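Undergrad: Show me how the following folds:
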Amino acid sequence: MKSLLITGDRSGSGKTSITLAIAALLSEDHVVQPFKVAMDYIDPSYLTGVTGRPCRNLDSFVMDAP
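TA: Alright, predicted model coming up:
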């Protein structure tokens, strides 16, 4: 598997829980690079914790200029 995108139609739909479970399971045998969109301070730290790799933000609005 090269990539996996998990989406939901609203807040509270379980995206974070499902993503964390899948990332943790895949990290046992593979290198998993997590990404996040939008401003969030909790989810990236959880994703970094279960994968051992820093979570990257894909939202250009919150990214620094190159």
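Undergrad: Please enumerate the strands of the chain.
TA: Here the chain has its strands, by DSSP state E, at 35-36, 56-57.
Undergrad: who does the last one touch, helix- and strand-wise?
TA: Where contact means 3 or more C-beta pairs under 8 Å, 6 or more residues apart in numbering; DSSP states H and E, strand 56-57 is packed against strand 35-36. Bear in mind the C-beta positions are built from the backbone N, C-alpha and C, glycine included.
Undergrad: quick one: average confidence on the strand it packs on?
TA: The average pLDDT for strand 35-36 rounds to 88.
Undergrad: what sits up against that strand?
TA: Outside strand 35-36, the residues that touch it by C-beta atoms under 8 Å, 6 or more residues apart in numbering are 43, 44, 47, 55, 56, 57, 58, 59.
Undergrad: The same query, at a cut-off of 10 Å, please.
TA: Here strand 35-36 makes contact (C-beta atoms under 10 Å, 6 or more residues apart in numbering) with 3, 5, 16, 19, 43-44, 47, 55-59, 62.
Undergrad: Distance to residue 28, neighbour count and pLDDT added to these, as a markdown table?
TA: Output for the contacts of strand 35-36, formatted as a markdown table (distance: C-beta to C-beta, whole Å; neighbours: other C-beta atoms under 10 Å; pLDDT from 0 to 100):
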| residue | distance to residue 28 | neighbour count | pLDDT |
| --- | --- | --- | --- |
| 3 | 18 | 6 | 84 |
| 5 | 21 | 7 | 87 |
| 16 | 19 | 18 | 89 |
| 19 | 16 | 20 | 92 |
| 43 | 20 | 16 | 90 |
| 44 | 20 | 16 | 90 |
| 47 | 15 | 25 | 94 |
| 55 | 18 | 19 | 92 |
| 56 | 21 | 13 | 88 |
| 57 | 25 | 15 | 83 |
| 58 | 25 | 10 | 82 |
| 59 | 29 | 12 | 78 |
| 62 | 31 | 12 | 59 |
